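1. Got a sequence here, can you model it:
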Amino acid sequence: QQQPQAATIAFIFLLLPAYHKKQIKMKLAILASLLTSAAAFTGPQLKTNVESSTSLSMAKFKSKVQYVPCISVEDLPDPGSATSGVAGGLAICIAVDPKGSVYALGDKCPPVNQPLSFGKVNNDGTIQDPVLGTKFSLKTGDVVGEWCPSGIGKLIGGAFSPVGVPTFPVRKSKNSIEVQVDVNAKLNFEANYWSGILDAQGKADGKYY
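-> Sure thing, here's the model as predicted:
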């Protein structure tokens with residue numbers, strides 16, 4: 001059943017109006033993300049009584065929060081726009097409101113993770129998902145107004161509860177825009193991922209090595 005649902009999403013997506021070549025390229029990039037996410041979230045969930053022998057939620061690396069370079073000052077977007085960067089291995093959206101204030105948010109729009117940095121920075125202190133239409137507060141990352149209000153947003157968003165995006169402290173330092181993040185967050189995510197793979201194969205007790 002996943003393929004028909006993904007095909008329906010793709011068909012509806014392609015019906016959306018495209019006003020110039022830049023929007024077409026953006027929609028094609030986001031379409032790939034939508035199809036991947038649709039396949040991941042559709043279909044019944046499997047239930048199991050098997051208990052994991054690995055504590056996957058346990059951080060293997062101690063949290064280390066610090067400011068790290070994200071983008072250069074030269075790449076700072078104009079007021080009313082946003083761009084993407086990476087800080088500590090995390091995808092970051094750097095947004096500048098019409099008054100010139102700079103904000104840093106996670107660059108993945110829930111529920112299907114298209115880039116928030118493709119979105120529109122509004123005059124009301126929000127940045128808007130370019131496809132599903134959800135507005136997120138630049139200061140808090142919380143959902144502002146209706147969840148997934150666009151046409152395709154109503155189709156996809158109804159299957160998920162509203163959720164915001166993370167926000168991060170941001171500052172200018174010499175030639176860089178720096179964002180304060182946990183630099184070990186990516187390491188912990190990857191460590192837990194691989195622990196889960198080994199645990200599923202019965203190889204997480206150390207004997208495999």
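
2. Helices of this protein, start to end?
-> 2-15, 21-41, 151-157, 185-200 (DSSP state H).

3. all strands in this structure, in order from the N-terminus.
-> 65-72, 81-87, 90-96, 102-106, 108-109, 114-115, 120-121, 126-128, 135-137, 143-144, 167-168, 170-173, 176-182 (DSSP state E).

4. Tell me how many other residues crowd the closest residue to residue 110 other than its chain neighbours.
-> Excluding its sequence neighbours, the residue lying closest to residue 110 (Cβ to Cβ, 6 or more residues apart in numbering) is residue 163, at 4.7 Å. In this view, the C-beta of every residue, glycine as well, is placed from N, C-alpha and C. The number of residues packed near residue 163 is 13, by other Cβ atoms under 10 Å.

5. which stretch among the strands of the chain comes nearest residue 150?
-> strand 126-128 (9.6 Å; Cβ to Cβ).

6. What residues sit buried inside that closest one?
-> For strand 126-128, burial by neighbour count (16 or more other Cβ atoms under 10 Å) applies to 126, 127, 128.

7. What lies in contact with it?
-> If you take Cβ atoms under 8 Å, 6 or more residues apart in numbering as the criterion, strand 126-128 is touched by 82, 93, 95, 103, 105, 116, 119-122, 134-138, 144.

8. cutoff 6 Å now
-> The contact list for strand 126-128, computed with Cβ atoms under 6 Å, 6 or more residues apart in numbering, reads 95, 119, 120, 121, 135, 136, 137, 138, 144.

9. Weed out the non-buried ones from those residues.
-> For these, buried by 16+ other Cβ under 10 Å: 95, 119, 121, 135, 136, 137, 138, 144.

10. With respect to residue 88, which of those residues is nearest?
-> For the buried ones among the contacts of strand 126-128, the nearest to residue 88 is residue 95 (18.4 Å; Cβ to Cβ).

11. Tell me how many other residues surround the closest residue to the closest one other than its chain neighbours.
-> In space, residue 95 comes closest to residue 82 once its chain neighbours are excluded; the distance is 4.0 Å by Cβ to Cβ, 6+ apart. Number of residues near residue 82 (other Cβ under 10 Å) recorded here: 23.

12. Same check on residue 92?
-> 26.

13. do you know which of the strands of the chain lies nearest residue 155?
-> Comparing the strands of the chain by Cβ to Cβ, strand 114-115 comes nearest, at 14.5 Å.

14. average model confidence for the closest one?
-> Strand 114-115 shows an average pLDDT of 94 in the prediction.

15. And for stretch 71-85?
-> Stretch 71-85 comes out at a mean pLDDT of 97.

16. Would you mind listing the buried residues in that stretch?
-> 71, 76, 77, 81, 82, 83, 84, 85.

17. Report the contact partners of the residue lying closest to residue 162 once chain neighbours are set aside.
-> Sequence neighbours aside, residue 147 is the residue nearest to residue 162 in space, at 4.1 Å (criterion: Cβ to Cβ, 6+ apart). Contact analysis of residue 147 by Cβ under 6 Å, 6+ apart lists 134, 157, 162.

18. From the residues you listed, pick the one nearest residue 170.
-> For the contacts of residue 147, the nearest to residue 170 is residue 134 (21.7 Å; Cβ to Cβ).

19. what's the pLDDT at the nearest residue to residue 184 once chain neighbours are set aside?
-> Distance criterion Cβ to Cβ, 6+ apart; nearest residue to residue 184, sequence neighbours excluded, is residue 61 at 4.1 Å. With respect to pLDDT, residue 61 scores 70.
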